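Peer 1: with the sequence up front, the predicted model follows.
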Amino acid sequence: MNPTTVAAFPARTVDDIVNRAGRSDFDRWAEQVTRCGHCSHPVRLRGRVEHRSVTGRRVAYSTDGEPDRVLLIRCGNRRAAVCPSCSWEYAGDMWQLLYAGAAGGRKGVPETIRSHPLVFATLTAPGFGPVHTTRADRCGPARCRPVQGKPRLCAHGRPTWCTAIHREDDPRLGQPICPDCYDYSGHIAFNWHAPELWRRFTITLRRTLARQNGLTAAEFARRCRVSFVKVAEFQRRGVVHFHALIRLDGPGDEYQPPQISIDAAGLADAIRQATAQVRLTVEMPDGHELILRFGTQLDTQTVNGDSTGELTPEHAARYIAKYATKSAEDFGLGERRTTPEAVALLDVCDHVDRLVRTAWQLGEHPAYEGLRRWVHMLGFRGHFASKSRRYSTTLGAIRAERRIYRQRQAAKDVRELIDEETTLIVSHWQFAGVGYLTAGDSVLALSAAARAREQRKAARDAA
Ligand SMILES: [Zn+2]
Ligand SMILES: [Zn+2]
Ligand SMILES: [Zn+2]
């Protein structure tokens, strides 16, 4: 940290930094920060590890000897906006899971999985009214919504066009051209019912594949299974869409190939047909029926198992893992239940404010019971990442593997303390809080994280 950066902090923070750095246990504190991966909000634990054997009881480790008498462990948050370090770890785990199911040869999935039809699909939401957007044509970046024919004002006297060429960081992106024309209840209803719409899609896909192969549903189930992993992502306008890897397997638990004649292109075709057919009719508070469906902007790409095609299993896995760390937090709503009154105090744009108020109003209606608990998610209550049972391994299994690895590493450190195999290890842990003790500690942890990144980069460049 150079002197000018220090000068940018409040005097109190500078004092904290100086105090921490001047302590005799600073090196150990810095080591702990490194060990928890420079987590932004580490959990502080207090406790001890005892070894009990026939000869008696001995404290092998105690946080009494640690800086501030605590041990720092990772917060484990999935969201990049909350903890970059832990979200990277989460994205890494997701990638392992996705890649195992796409390429095989790991995590109990055989390499023969590469020959199964596999498609990377993006199912979008329909339009709820024109929003500001980035576009490109053959000449490069294009105008947002050019005038079509004779310029026309909407019923609220606003232009129906926008001739701006928006930059990627333009705050208008995703906001309606006219908020009064925009269908806010339809938008929230879509987010709320999106998990059911996805479920119906998987059923329709099975039916479509059965029909194409001239099979009954029961015959199809005996020959083929649809496995998938999907991630929900919020688009800029605040509506969810799904990215999914969809694969066909045979029956049973051994990742056999499907016993129907179909390739990845055929599967992509069936996905397109099924997506176009899915409908969900829901009742709105004013009594009218709303028919929900996916948007026409559907994308399907076949994934090439022999890694020669455009989209390899590696690419597809990386693409979906990236989305797994995003959330509604990008809209500034935080990660807990909230109310329109609380949101009014936050610095959110008018569009998000209206979405929140609409969700709150809809939540009053019996058909939308529970919606008020999901206002901070703009009405989306589904899992951000989910998979069918046999796609590949689970996140839990990947975490358990890493935990064992870390325990082995830790065991190596205290090996000399362990006398014999019959020693019983007893741990007593107590929650002491979340986050660093002072703003100064956070700053030190952040700058240590930045240094570690630079060192890794330098090592990569040198290699
Ligand atoms: Zn963390
Ligand atoms: Zn625009
Ligand atoms: Zn209007």
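Peer 2: Right, received. Where do you want to start? Ligands and ions are numbered 1, 2, ... in the order given.

Peer 1: C-alpha from now on. contacts and neighbour counts both.
Peer 2: Noted.

Peer 1: in this protein, which residue sits furthest out from the middle?
Peer 2: residue 55 (50.2 Å; C-alpha atoms, centre = their mean).

Peer 1: tell me which residues in stretch 209-229 are buried?
Peer 2: By neighbour count with 16 or more other C-alpha atoms under 10 Å, stretch 209-229 contains the buried residues 209, 210, 215, 220, 221, 223, 224, 225, 226, 227, 228, 229.

Peer 1: could you check how far the spatially most central residue of the chain is from ligand 1?
Peer 2: A centroid search over the chain (C-alpha atoms, centre = their mean) returns residue 324, at 2.2 Å, as the residue closest to the centre. Plainly put, residue 324 is 16 Å away from ligand 1 if you go by C-alpha to the ion, to the nearest Å.

Peer 1: and what about the residue lying closest to that residue once chain neighbours are set aside, helix, strand or coil?
Peer 2: Of all residues not flanking residue 324 in the chain, residue 231 sits nearest, at 6.1 Å (C-alpha to C-alpha, 6 or more residues apart in numbering). Classification of residue 231 using DSSP: H, G, I helix; E, B strand; the rest coil returns strand.

Peer 1: before we move on, back to that, surely the residue nearest to the centre of the chain touches residue 385?
Peer 2: Yes: here residue 324 reaches residue 385: they are 6.5 Å apart, a contact under C-alpha atoms under 8 Å.

Peer 1: between the buried residues of stretch 209-229, which is closest to ligand 2?
Peer 2: residue 229 (34.3 Å; C-alpha to the ion).

Peer 1: who does the closest one bridge with?
Peer 2: In this entry, residue 229 is beta-bridged to residue 245, residue 387, by DSSP bridges.

Peer 1: distance of it from residue 259?
Peer 2: Separation of residue 229 from residue 259 (C-alpha to C-alpha, to the nearest Å): 21 Å.

Peer 1: which two from the buried residues of stretch 209-229 end up farthest apart in space?
Peer 2: The span of the buried residues of stretch 209-229, defined through C-alpha to C-alpha, is set by 215 and 229 at 25.2 Å.

Peer 1: any idea of the pLDDT on residue 291?
Peer 2: Residue 291 carries a pLDDT value of 95.

Peer 1: correction: the previous question concerned residue 315.
Peer 2: At residue 315, the pLDDT value in this model is 85.

Peer 1: what's the helix or strand for it?
Peer 2: Taking DSSP states H and E as the criterion, residue 315 maps to helix 313-323.

Peer 1: can you list contacts of that helix?
Peer 2: Helix 313-323 is contacted from outside by 91-92, 94-95, 98-99, 102-103, 120, 230-233, 243-245, 303-305, 307, using C-alpha atoms under 8 Å, 6 or more residues apart in numbering.

Peer 1: can you list the buried residues in that helix?
Peer 2: Those would be 313, 314, 316, 317, 318, 320, 321, 322, 323, for helix 313-323 by 16+ other C-alpha under 10 Å.

Peer 1: next step: the buried residues of stretch 209-229 restricted to strands.
Peer 2: 225, 226, 227, 228, 229 (DSSP state E).

Peer 1: reformat the residues you listed as JSON lines; add pLDDT and distance to ligand 2.
Peer 2: Below are those laid out as JSON lines (pLDDT from 0 to 100; distance: C-alpha to the ion, whole Å):
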{"residue": "225", "pLDDT": "93", "distance to ligand 2": "44"}
{"residue": "226", "pLDDT": "94", "distance to ligand 2": "40"}
{"residue": "227", "pLDDT": "92", "distance to ligand 2": "40"}
{"residue": "228", "pLDDT": "91", "distance to ligand 2": "36"}
{"residue": "229", "pLDDT": "88", "distance to ligand 2": "34"}
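
Peer 1: nearest to residue 137 among the residues you listed?
Peer 2: For those, the nearest to residue 137 is residue 229 (32.8 Å; C-alpha to C-alpha).

Peer 1: what pLDDT is listed against the residue nearest to the centre of the chain?
Peer 2: What the model reports for residue 324 is a pLDDT of 72.

Peer 1: report the contact partners of it.
Peer 2: Residue 324 makes contact with 78, 91, 94, 231, 232, 233, 384, 385, according to C-alpha under 8 Å, 6+ apart.

Peer 1: and with 7 Å instead?
Peer 2: By C-alpha atoms under 7 Å, 6 or more residues apart in numbering, the contact set of residue 324 is 91, 231, 384, 385.

Peer 1: tell me which of those residues fall in helices.
Peer 2: residue 91 (DSSP state H).

Peer 1: contacts for the helix or strand where residue 453 lies, please.
Peer 2: Residue 453 belongs to helix 439-462 when assigned by DSSP H and E. Contact partners of helix 439-462, identified using C-alpha under 7 Å, 6+ apart, comprise 13, 14, 16, 17, 33, 38, 436.
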